[in-house]
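**Student:** fold the following for me, if possible:
(one chain, ligands or ions: 2)
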Amino acid sequence: MSDGASTAAYGDLYQRSLRDPEGFWREAAGEIDWVTPPGRILDDDNPPFYRWYPDAVLNVCHNAVDRHVKAGRGDQAAIHYDSPVTGTKLTVTYAELLEQVRACAGGLKGLGVEPGDRVVIYLPMVPEAAVAMLACARIGAVHSVVFGGFAPQELAARIDDAAPRVVISASCGVEPNRIVPYKPFLDEAIRRSAHQPEHCVILQREQLRAEMGERDVDWAELVTGPAARAGADCVPVASTDPLYILYTSGTTGRPKGIYRDSGGYAVALLWSMRNLYDVRPGETMFTASDVGWVVGHSYIVYGPLLLGAASVLYEGKPVGTPDAGAFWRVIQEYGVVSCFTAPTAFRAIKKEDAKAELLRSYDLTGFRTLYLAGERLDPDTYEWATDVLGVPVIDNWWQTETGWPVACNPKGIELLPIKPGSPTLPVCGYDVRVLDGAGTEVAAGTEGAICIRLPMPPGTLPTLWHDDERYVASYLSAYPGYYLTGDGGYVDDDGYLFVMGRTDDVLNVAGHRLSTGAIEAALAGHEAVAECAVVGVSDQLKGQVPRALVVLKSGVDAAAEGERIRAELVERVRGEVGAVAALRRVDIVAALPKTRSGKILRKTMREIADGRTPTVPATIEDAAVLEALTPVLRGD
Ligand code: COA
Ligand code: AMP
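**Tutor:** Ligands and ions are numbered 1, 2, ... in the order given. Sure, this is the predicted structure:
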């Protein structure tokens, strides 16, 4: 904690960002190489839709790769691939990255990929994932990375929505306890989807080779063939053109395609790298997440590379690959200055090595800051990490939709006093307000819905992919003039924000955002299930885990068949949503508690399961149902 740090310097800058957003973001845009520099900064002609840098033209790949080579950083490391699960380490310099991206981009063009076409990327944590993303950016194609832990049904939903010309995948992923065959998942997803991609590019990994079909192209051939040798140059794209679509979970089973623009995102990320994550060109950042999540897009790939820093791409876990000292080794080995991960990773390390004895074998002298996000940072984990590392531990709060932090201690500007449990103050450009049900701002210390006044800063979602209506309905209609974050919380007397959790039914399992609707759909597909509900309950390691309550169809004998059905339901969720859903517990119950209009009382059940006093709505249909469920939920 930086005792007594003055908030004036940051406070002034923050106020300026709200008072004069166009001046603020015009200045920040100066860090980017534009083909056509922005004349106009913000297009606010058509509220609630806003566009940043509406007349500017750039290429994000040029900014992330080519310009660093041109500036003489060619021999500097861009990516350190470190894979304890395969025993591989590889450093890719900026010059090498440029060569690989040029070749891949040429190969994609050879497959007919044109500006505006979509490319779905379903890859594990290998450097080819970053190369593929940048190659798409280079030729103006729009990538949509799907997390490798998602099962065929989730992948199929994304393929259908994004309608990609090409899918890039691998033969397998490597988890500590097993090889995960990706190619059969991809084939199954394409079998289930209405949209059919023209080609699938498959990276063959030696741990498990995939059988190739007619539309499949070997990655090795894609990046060495004649089209790759011809290469592809950067295509100028409008600042408002999409760089990528990233699907995220809402309450329903249908994922939301977050539209990420090009120019606003590049400006915001670069600003955040210096001012929030406190990294300088040539330094190394280690973000332990996955390229399939927004954290991976912003702070494994684009953020560090836009800055000209090095990024560690780590294919492993915080524990068990091989031990709880893995992160310390990576930090030492690559001279990491900033590490960014989810609190759950630190809870896992603490569980294995409570006294951080493994840390003693490593030299972390150059390490400056730990950043944690993705879920609430509980004060215990904060204290432990601070004690063992002796560096500032910075909670930052944001979401797929925003693309970069909404609240964060601006360490690159000045380190503000840290309050455990709070991600500190709103970040420049974000006018954060806590509102009550009527849309009135609440007093300090009072909980409400955390909202952001429009327009939000550059980098945040301008809309949903091909669905302006859903964008407005999901985020902007609850409180006109505000973006609804879906999180609840409060602001204290010093303006510090405290984020207490989702106000909707979105789950957060080990920092992974999952939809109750998707898990419920998988359960409901079982022939014996009449009705079901999924609630996220507190878990010491993963923050939250899903619990399922199912009502069986009449005539199904729960006593005789219950065990088999429960096991099948767990398997179904793994198969339909993915192993990351981590559903372990399914209870067969007589009925589900509902309101008179038929809405299942998930929040009330969640509160009971967590041992809290439940808020029972007056409109409950039958209080006896809830009473009967209470011992089941409490695990008595
Ligand atoms: N491809 C295929 N399967 C995957 C996968 C991937 N990319 N990522 C995870 N899985 C599987 C795992 O193998 C595991 O399967 P299992 O049930 O057969 O063991 C399951 O999904 C759950 O994985 P995970 O969430 O990683 O849990 P874990 O119990 O293996 O490990 C932690 C727990 C806390 C160590 C782990 O969740 C972690 O490192 N979290 C870091 C947080 C993070 O990266 N968050 C992202 C947002 S910042
Ligand atoms: P995602 O879109 O996957 O990044 O998930 C975003 C959600 O994760 C947010 O809406 C929050 O519910 C939660 N979250 C992320 N970071 C934090 C944080 N620092 N504190 C509390 N919740 C967080």
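**Student:** OK, now which residue of the stretch 501-636 of the chain is nearest to ligand 2?
**Tutor:** Residue of the stretch 501-636 of the chain nearest ligand 2, by CB to the nearest ligand atom: Arg513 (3.3 Å). C-beta here means a position set from N, CA and C on the backbone, and glycine is covered the same way.
**Student:** brain fart, the stretch 101-250 of the chain
**Tutor:** Thr248 (5.1 Å).
**Student:** I'd like to know how many residues surround that residue.
**Tutor:** By other CB atoms under 10 Å, the residues close to Thr248 number 19.
**Student:** what of Gly525?
**Tutor:** For Gly525, using other CB under 10 Å, the count is 12.
**Student:** distance of it relative to ligand 1?
**Tutor:** 20 Å (CB to the nearest ligand atom, to the nearest Å).
**Student:** for the stretch 251-400 of the chain, what lies in contact range of ligand 1?
**Tutor:** 289-290, 293, 295, 317-319, 342, 344-345, 348, 374 (CB under 6 Å from any ligand atom).
**Student:** again with the chain
**Tutor:** So the chain meets ligand 1 at 124, 148-149, 173, 175, 177, 180, 289-290, 293, 295, 317-319, 342, 344-345, 348, 374, 510-512, 541, 579-580, 582 (CB under 6 Å from any ligand atom).
**Student:** in strands only, show me the residues you listed.
**Tutor:** Using DSSP state E, the members of those that fall in strands are 173, 175, 180, 512.
**Student:** of the residues you listed - the most surrounded one?
**Tutor:** Neighbour count (other CB under 10 Å) singles out His512 as the most crowded of those, with 26 neighbours.
**Student:** looks like it contacts Val295 (just checking).
**Tutor:** No. If you go by CB atoms under 8 Å, His512 and Val295 don't touch, sitting 10.6 Å apart.
**Student:** how is Pro197 assigned, secondary-structure-wise?
**Tutor:** Three-state call for Pro197 (DSSP: H, G, I helix; E, B strand; the rest coil): coil.
**Student:** strands along the stretch 301-450 of the chain, start to end?
**Tutor:** Remark: strands assigned in the stretch 301-450 of the chain by DSSP state E, counting those that start in this stretch are 310-314, 336-341, 369-372, 393-397, 407-408, 432-435, 448-453.
**Student:** for Thr630, find the nearest of these.
**Tutor:** Closest approach to Thr630 among the strands of the stretch 301-450 of the chain is made by strand 448-453 (28.1 Å; CB to CB).
**Student:** now do the closest one: which elements does it pack against?
**Tutor:** Applying 3 or more CB pairs under 8 Å, 6 or more residues apart in numbering; DSSP states H and E, one finds that strand 448-453 makes contact with strand 432-435, strand 482-491.
**Student:** got those strands as a markdown table, with distance to Val65 and mean neighbour count columns?
**Tutor:** Listed next are those as a markdown table, based on distance: least, CB to CB, whole Å; neighbours: other CB atoms under 10 Å:
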| stretch | distance to Val65 | mean neighbour count |
| --- | --- | --- |
| strand 432-435 | 34 | 20 |
| strand 482-491 | 32 | 21 |
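**Student:** now those strands as a markdown table including distance to Val406 and mean pLDDT?
**Tutor:** Listed next are the helices and strands packed on strand 448-453 as a markdown table, based on distance: least, CB to CB, whole Å; pLDDT from 0 to 100:
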| stretch | distance to Val406 | mean pLDDT |
| --- | --- | --- |
| strand 432-435 | 7 | 98 |
| strand 482-491 | 7 | 98 |
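**Student:** out of these, flag the one nearest ligand 2.
**Tutor:** Comparison of those against ligand 2 by CB to the nearest ligand atom identifies strand 482-491 as nearest, at 4.7 Å.
**Student:** just checking, what packs against that closest one?
**Tutor:** strand 432-435, strand 448-453, strand 497-502.
**Student:** Cys200 and Leu186 touch, don't they?
**Tutor:** Yes. At 6.4 Å, Cys200 counts as touching Leu186 under the criterion of CB under 8 Å.
**Student:** still on that earlier bit, what sits opposite the residue of the stretch 101-250 of the chain closest to ligand 2 in the beta ladder?
**Tutor:** Under DSSP bridges, the beta-bridge partners of Thr248 are Lys256.
**Student:** so which of the strands of the stretch 301-450 of the chain is nearest Lys553?
**Tutor:** Taking CB to CB, strand 448-453 is the member of these nearest to Lys553, at 38.1 Å.
**Student:** between Cys200 and Leu186, tell me which one has more neighbours.
**Tutor:** More neighbours surround Leu186 than the other of Cys200 and Leu186, with 27 against 23 (other CB under 10 Å).
**Student:** and the closest residue to Pro127 other than its chain neighbours, how far from ligand 1?
**Tutor:** Nearest non-adjacent residue to Pro127, counting by CB to CB, 6 or more residues apart in numbering: Tyr81, 4.7 Å away. For Tyr81, the distance to ligand 1 equals 15 Å [CB to the nearest ligand atom].
**Student:** next: Pro152.
**Tutor:** If you measure Pro152 against ligand 1 using CB to the nearest ligand atom, the figure is 12 Å.
**Student:** and what of Leu18?
**Tutor:** 28 Å.
**Student:** count of residues packed around that residue?
**Tutor:** Counted with other CB under 10 Å, Leu18 comes out at 15.
**Student:** so it sits in a helix?
**Tutor:** Yes. Under three-state DSSP, Leu18 falls within a helix.
**Student:** now do the shared contacts for Cys200 and Leu186.
**Tutor:** Applying CB atoms under 8 Å, 6 or more residues apart in numbering, one finds that Cys200 and Leu186 are jointly contacted by 167, 169.
**Student:** host element of Arg260?
**Tutor:** strand 256-261 (DSSP states H and E).
**Student:** what's the distance between that strand and the middle of its chain?
**Tutor:** 12 Å (CA atoms, centre = their mean, to the nearest Å).
**Student:** average pLDDT across that strand?
**Tutor:** Strand 256-261 carries an average pLDDT of 98.
**Student:** please apply the same query to stretch 335-354.
**Tutor:** Summarised as a single mean, pLDDT over stretch 335-354 is 98.
**Student:** repeat that for stretch 533-544.
**Tutor:** 95.
**Student:** can you tell if that stretch touches ligand 2?
**Tutor:** No. Using CB under 6 Å from any ligand atom, stretch 533-544 stays clear of ligand 2, coming no nearer than 9.0 Å.
**Student:** run the chain-centre distance for that stretch.
**Tutor:** Distance of stretch 533-544 from the chain centroid (CA atoms, centre = their mean) equals 18 Å.
**Student:** thinking again about what came up before, settle this for me: the residue of the stretch 501-636 of the chain closest to ligand 2 is touching Asp505, isn't it.
**Tutor:** No. Assessed by CB under 8 Å, Arg513 is found out of contact with Asp505, at 11.7 Å.
**Student:** follow-up on the earlier one: which one of the helices and strands packed on strand 482-491 is the most hemmed in?
**Tutor:** Compared across the helices and strands packed on strand 482-491, strand 448-453 shows the largest average neighbour count, a mean of 21 (mean count of other CB atoms under 10 Å).
**Student:** could you pull out the buried residues of stretch 225-240?
**Tutor:** Neighbour-count burial for stretch 225-240 flags 225, 227-228, 231-232, 234-235, 237-240 (criterion: 16 or more other CB atoms under 10 Å).
**Student:** lovely, talk soon.
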